[in-house]
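here is the input, now give the coordinates:
(2 chains)
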There are 2 protein chains.
Amino acid sequence: MNDLHPTTRAFAIERSHIRDPFWTGAQALVRDAVIPHQWNALNDRIAGAEKSCALENFRIAAGHAEGTFHGMVFQDSDVYKWIEAAALQLRQSRNASLERDVDETIDLIAAAQQPDGYLNTYFTIKAPDEKWTNLAECHEMYCAGHLFEAACAYAGATGKIRLLEIACRFADHIDTIFGPREGTRPGYPGHPEIELGLLRLFDATGEERYKALARAFIMRRGQKPHYFDEEYEARGRTWFWRDHATAWMAGDKAYSQAHVPFLEQDKAVGHAVRAVYLYTGAAHLARLERDALLLRTCRTLWDDMTGRQMYVTGAIGAQSRGEAFTSDDDLPNDTAYAESCASVGLMMFARRMIENEGDARYADVMERALYNTVRAGMSLDGTRFFYVNPLEVTPATLRGNHIYDHVQPQRQIWFACACCPPNIARTIAGLEDYVHTTREDGIYVNLYIGGETRFTQGEKALTLVQSGGQPWSGDVSLELKCDAPCEVALMLRKPSWAGVTVLRINGARVEAPVLRGYLRLECRWNDGDRIEIEMEMPVRLIHASPSVREQAGQAVLQRGPIVFCLEERDNGAALHQLRMDPDARPSPQPGEGLLAGMTTISVPGRRETLDGPDDGTILHEGARPISIPATLRFVPYFAWANRGEGEMRVWVRI
Amino acid sequence: MNDLHPTTRAFAIERSHIRDPFWTGAQALVRDAVIPHQWNALNDRIAGAEKSCALENFRIAAGHAEGTFHGMVFQDSDVYKWIEAAALQLRQSRNASLERDVDETIDLIAAAQQPDGYLNTYFTIKAPDEKWTNLAECHEMYCAGHLFEAACAYAGATGKIRLLEIACRFADHIDTIFGPREGTRPGYPGHPEIELGLLRLFDATGEERYKALARAFIMRRGQKPHYFDEEYEARGRTWFWRDHATAWMAGDKAYSQAHVPFLEQDKAVGHAVRAVYLYTGAAHLARLERDALLLRTCRTLWDDMTGRQMYVTGAIGAQSRGEAFTSDDDLPNDTAYAESCASVGLMMFARRMIENEGDARYADVMERALYNTVRAGMSLDGTRFFYVNPLEVTPATLRGNHIYDHVQPQRQIWFACACCPPNIARTIAGLEDYVHTTREDGIYVNLYIGGETRFTQGEKALTLVQSGGQPWSGDVSLELKCDAPCEVALMLRKPSWAGVTVLRINGARVEAPVLRGYLRLECRWNDGDRIEIEMEMPVRLIHASPSVREQAGQAVLQRGPIVFCLEERDNGAALHQLRMDPDARPSPQPGEGLLAGMTTISVPGRRETLDGPDDGTILHEGARPISIPATLRFVPYFAWANRGEGEMRVWVRI
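Residues are numbered from 1 along each chain as shown, chains lettered A, B, ... in the order given. Next comes the predicted model:
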């Protein structure tokens, strides 16, 4: 148990603000475009769009309006996710108008809550007799989890606890039915989320029952007799999702990570978002309860997922059907599902594992997911979103072949989809939560995102002002502010991508030991102390494991945390004909136009074709490949599909 | 119109028998294993197998048994396809027992035929009021087409015309309802087949109405107002295939090649088997009616299909969903559908196009399909069959990723599937029909399959005895027998794979002009004349068009008509790590064990991996690829998956 630490003597983050050349713009997009747009969508004010009815459902459940429920069975979660994003935005800067919208929404939620604390508009309006009869499929607990997250975020941002009270009433109600006591039901949700929500509620309130309930939900998964089978029998053998998903949601227990008990799980399986939400809750619980077995399971699952089932872009979940993991080393580039939400969940899991272990390998993956798949999920102008993040797209083939049905060559306007856009929005709006980790053994700097963060521990206080030019430059500066000298270890992540790294304190070069991937600086800090880190940021050639079939003979360019790709716009069509010379020197160059401010990369290579004209036939006997010199022009993966439709390719032939 | 020829002065094939080291064995398997097994299946005598009920349906429809219909709506076609295979077998060698089984089955069919000539057990038993109300989905005409084929084959083989009479009665009945006259219905089938069946019936009977009806079915396709929409409205907007296929069978007109009128079609689209069956009928009609426009459409569709949408194995239909074509140059190797039946249909289409144009390019494709996909469809022991013929299989990934749901790493026992095994069986049993083509301008030898064929034209008669060692050797001998000297042009195909080709007549070397890919020998032939052809059969390296993404940087080995592949058994796992040296000399070698008698090929190459041990993680920054010498051992593609389960790969990195 000695790798687990008590949190009591750790510094805590009092407040944190991002001021970063890369992320401030993205946060502004979320503030100015995404959150207002989402609010309009929730209020059915977007002309031409399918109605959300999410707020209307609450009005009907509250008795303020007549009508019936519309939308998905988990439609309520859209409201909660919007509140969470808004709360994180308000944490950055209070805004009376936005706060009023949230408060009015909270009034509505309060009115829709049932006298016993129950809160779900689908069941209240449409199927009051069927509450809690189909945990495997019906998302009541999933919605509850998002309510808990929203409540914690809003209380944290504004100090207003009304939503937290609503959340606690609902959590208390759930506890009476499912709490780990004699006479309750041993159920757990088909879609994890409530576990991590309950643990945030525990963090916010200290109520032990919430932690115990989260533990019960995690530990009950996959136990025999199987709860999903029992509730199925009890409700008379009916399925909610008759049309398309019966095989996954109930018949296939692995889809919901309910195939074996949690502590026996050693492979990431099933629906990827469900998986990482579950693991996030489990890792959080492992820390709170210093549960070494639980932590070991989390570590095993992490290693499997990131070691054998993760794309170079930090994406997970390789297949569309079931939005799910596949098998070791099966990572097709063009049929990848690679859902934005799954990478958001991967970041959440990574954050909890850093809290557990203070190991930079989690931060490396967190950063990979953030700067690549998560950022790619939102267009540069903040108006369009990807659910699916393939690593290779050939638009001409997409409509003709159903294996590509889930792939879009362009981002979609957000209101057409309910899950990824708000998830990306809350991640970007709440990015501060990922930058630092406070542990008993020090303050960890995971990401060199610019901003100002104030840490306190009892009387002690320390403010860290980060600045630099990441992800385009490896130079970082940290300025310390403190009223009184302050003793604390600073753990500065040495990213896996960093070349030669030079550390200076107040201009003097220093050496620091590297501990679990972090440079450890333990000093008595004085106000005005300045730490500078210069990290070489070479363009790196990444190879896949030789066991990955789809990436054989290919490589990826990465510089800093940024994965690069080829686009048709810069390279012409038929990107598969391009080979880069692995021994040539790649040239980083400033991007132009829409890519101004970014780094692009040019690499010498060749375009391969056959001798003689392409006569439009498939087979060429006796023809010989010829190649002509070509310059391969790479752009950051996250920026793809912002300049019109065309081919894209991350893994490039060498 | 001058590229169309009258058939009146052509020689005709009187009889033909295969005696070939490669095919005689396969025909024996069909005779001894497949046809008897299929008979048992039709009679529900296979323990443990799902019942076919195909003959029982006829008994019930005939009033000989009680019960209801079981099986697919097109279950009758299983019986007809079995009769056709049996007939082709009987053409090879009469067999009283088999003939008795067929005759009894014909009695049963006769008894099931309705007084008005109608014949379909599904509708007779189950939905008599719904006859002809859903041509788009319900396969009545498809079954009729297979009946017509069976009837022609059985009459041709045995001289017995009872089934032919049944077929004509049914065709006459269909003509009264759908014939091209005032007052009939302008319908046509969702699944083409009746067109080619009617034209065979025309060939057998000379009845012009059958040809006119086939023309109507072909020309009505895709006309507006759309018949499929009209019948849909007329029957009250119901769909037969509610569960899985509504989008294809009726909503998606292109699925059935009914999206535009036939003469406006210029791309092979939709369900691949439907497509080639339709084109086969159209090409047959084009010849019979010297219809240059129709022929031009067939040629355009041929060029599109074989030039942009065909695999090197002669497989077509790249996607599982809809068993359909995709788009130009979209030929994924691992998710390929490549149905055996589609390649059978491609051979049928090729045969009709040779009859039209006497051009060896059709025979090249026909041979490619036959020796690779069609032969691969049946195991070496004749007991198991592939529907789906992928060009790359990694068994470990199949279960984990739903994009591979249709792929089997091993052939399946035949009775689990109703379409491909009998289709392969009738093709192999009736292979003689593909070996020669008789046209006014000569006797065409398309395939150098050994055997004896007697051609007659009025009083003239000529027997051609072919022998040789194809596909393993390029040496062929043709011996001529005739009672009197006989003047006729022999057109000997010069395959696209043939290297230096030497021709001898009675031992003396001769030169012959090449006309549309055939060596033309026009002589006055005497009894005992002997033609020898020596064709160099080098191992050839085939490249895909540079526009085919999935095959970039890879090549295929082909020798003669045989396409080769790598199997795990001979090369170890991770076949994607293997690269062959395109400049190295491939060594053909005799196969061993189960592959005895075949040619295998060894090529020097390398196995690529990364330096340092594979640590079981996906991403390797800074690691460098290393390669070690390896000998790549290729086996014929058709022989894959006969020696246990493992990886397989046709396109190999170079």
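
from here on, just use CA atoms for contacts and neighbour counts.
OK.

residue A:392 and residue A:647 touch, don't they?
Yes. Using CA atoms under 8 Å, residue A:392 makes contact with residue A:647 at a distance of 7.5 Å.

what residue in the stretch 1-150 of chain A comes nearest to chain B?
Residue of the stretch 1-150 of chain A nearest chain B, by CA to the nearest CA: residue A:137 (21.0 Å).

give me the pLDDT for that residue.
At residue A:137, the model reports a pLDDT of 92.

assign it to helix, strand or coil.
helix (DSSP: H, G, I helix; E, B strand; the rest coil).

that one against residue A:231, yeah?
No. The pair residue A:137 / residue A:231 is not scored as a contact, 10.9 Å apart, by CA under 8 Å.

these two: which has the busier surroundings?
When residue A:137 is set against residue A:231 and neighbours are counted by other CA atoms under 10 Å in any protein chain shown, the residue ahead is residue A:137, at 21 against 18.

who in the stretch 301-450 of chain A is up against chain B?
Contact residues (CA under 8 Å from any CA of the partner chain) of the stretch 301-450 of chain A with chain B: A:306-312, A:318-321, A:325-330, A:396-397, A:400-403.

so, low pLDDT: which residues of the stretch 1-150 of chain A?
A:1-8 (pLDDT under 70).

go again with 80.
The model of the stretch 1-150 of chain A has pLDDT under 80 over residues A:1-9, A:48-49.

which parts of it are helices?
A:23-29, A:35-42, A:54-62, A:76-92, A:96-112, A:121-126, A:135-138, A:140-158 (DSSP state H, counting those that start in this stretch).

JSON lines for the ones you listed, including distance to residue B:438?
Output for the helices of the stretch 1-150 of chain A, formatted as JSON lines (distance: least, CA to CA, whole Å):
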{"stretch": "helix A:23-29", "distance to residue B:438": "73"}
{"stretch": "helix A:35-42", "distance to residue B:438": "71"}
{"stretch": "helix A:54-62", "distance to residue B:438": "72"}
{"stretch": "helix A:76-92", "distance to residue B:438": "71"}
{"stretch": "helix A:96-112", "distance to residue B:438": "83"}
{"stretch": "helix A:121-126", "distance to residue B:438": "73"}
{"stretch": "helix A:135-138", "distance to residue B:438": "65"}
{"stretch": "helix A:140-158", "distance to residue B:438": "72"}
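
of all these, which lies closest to residue B:274?
Nearest to residue B:274 among these is helix A:135-138; the distance by CA to CA comes to 39.5 Å.

which residues touch that closest one?
Here helix A:135-138 makes contact (CA atoms under 8 Å, 6 or more residues apart in numbering or on different chains) with A:73-74, A:141, A:187-191, A:228, A:231, A:240-241, A:249-250.

how far off centre is that helix?
23 Å (CA atoms, centre = their mean, to the nearest Å).

convert the C-alpha atoms of it to CSV, please.
Below are the C-alpha coordinates for helix A:135-138, written out as CSV (Å, rounded to 0.1, in the frame of the first residue of the first chain):
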residue,chain,number,x,y,z
LEU,A,135,-30.6,-0.4,-15.5
ALA,A,136,-28.8,-2.2,-18.3
GLU,A,137,-30.3,0.0,-21.0
CYS,A,138,-32.2,3.0,-19.7
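
buried sites along stretch A:456-476?
Buried residues in stretch A:456-476, counted by 16 or more other CA atoms under 10 Å in any protein chain shown: A:461-472, A:474-476.

and that stretch, how far from the chain's centre?
Remark: stretch A:456-476 is offset 23 Å from the chain centroid, using CA atoms, centre = their mean.

what distance separates the start and the end of it?
23 Å (CA to CA, to the nearest Å).

next one: residue A:574 relative to residue B:545, how far apart?
Distance from residue A:574 to residue B:545, by CA to CA: 11 Å.

hang on, isn't residue A:558 packed against residue A:542?
Yes. If you go by CA under 8 Å, residue A:558 and residue A:542 touch, sitting 7.0 Å apart.

burial count for the nearest residue to residue A:92 once chain neighbours are set aside?
Distances taken as CA to CA, 6 or more residues apart in numbering or on different chains place residue A:17 nearest to residue A:92, at 6.2 Å, with adjacent residues excluded. Neighbourhood size, residue A:17 [other CA under 10 Å]: 19.

which residues sit in contact with residue A:17?
By CA under 8 Å, 6+ apart, residue A:17 lies in contact with A:92, A:432, A:451-453.

out of the residues you listed, who's nearest chain B?
Nearest to chain B among the contacts of residue A:17 is residue A:432, at 27.6 Å by CA to the nearest CA.

quick check, that closest one in contact with residue A:16.
Yes. Contact criterion CA under 8 Å: residue A:432 and residue A:16 qualify, at 6.1 Å.

now residue A:633: how far from chain B?
19 Å (CA to the nearest CA, to the nearest Å).

surely that residue meets residue A:605?
No. Contact criterion CA under 8 Å: residue A:633 and residue A:605 do not qualify, at 9.9 Å.

leaving out sequence neighbours, find the closest residue to the residue nearest the centre of chain A.
Geometric centre of chain A, nearest residue: residue A:344, 0.7 Å, by CA atoms, centre = their mean. By the measure of CA to CA, 6+ apart, the closest residue to residue A:344 outside its immediate chain neighbours is residue A:374, 6.5 Å from it.

same check on residue A:132?
Residue nearest to residue A:132 in three dimensions, not counting chain neighbours: residue A:140, with 7.4 Å by CA to CA, 6+ apart.

that older thread, and the residue nearest to residue A:92, bridged to which residues?
Here residue A:17 sits in beta bridges with residue A:452, going by DSSP bridges.

right, and the helices of the stretch 1-150 of chain A - which one's nearest residue A:590?
Closest among these, using CA to CA: helix A:23-29, at 18.2 Å.

can you point out the buried residues in that closest one?
In helix A:23-29, counting by 16+ other CA under 10 Å, buried: A:23-24, A:26-27, A:29.

can I get those residues in TSV with distance to chain B?
Formatted as TSV, the buried residues of helix A:23-29 follow (distance: CA to the nearest CA, whole Å):
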residue	distance to chain B
A:23	26
A:24	30
A:26	28
A:27	30
A:29	32
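
in those, find the pair that's most separated.
Using CA to CA, those span at most 9.8 Å, a distance reached by A:23 and A:29.

against chain B, how distant is the closest residue to residue A:597 other than its chain neighbours?
Nearest residue to residue A:597, sequence neighbours excluded (CA to CA, 6+ apart): residue A:591, at 6.2 Å. Using CA to the nearest CA, one obtains 24 Å as the distance from residue A:591 to chain B.

my guess is residue A:591 meets residue A:599, correct?
Yes. Between residue A:591 and residue A:599 there is a contact at 5.4 Å, judged by CA under 8 Å.

which of those two has more residues huddled nearby?
residue A:599 (21 against 16).

could the contacts of residue A:17 go into CSV alongside neighbour count?
Converted to CSV, the contacts of residue A:17 look like this (neighbours: other CA atoms under 10 Å in any protein chain shown):
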residue, neighbour count
A:92, 19
A:432, 22
A:451, 21
A:452, 21
A:453, 21
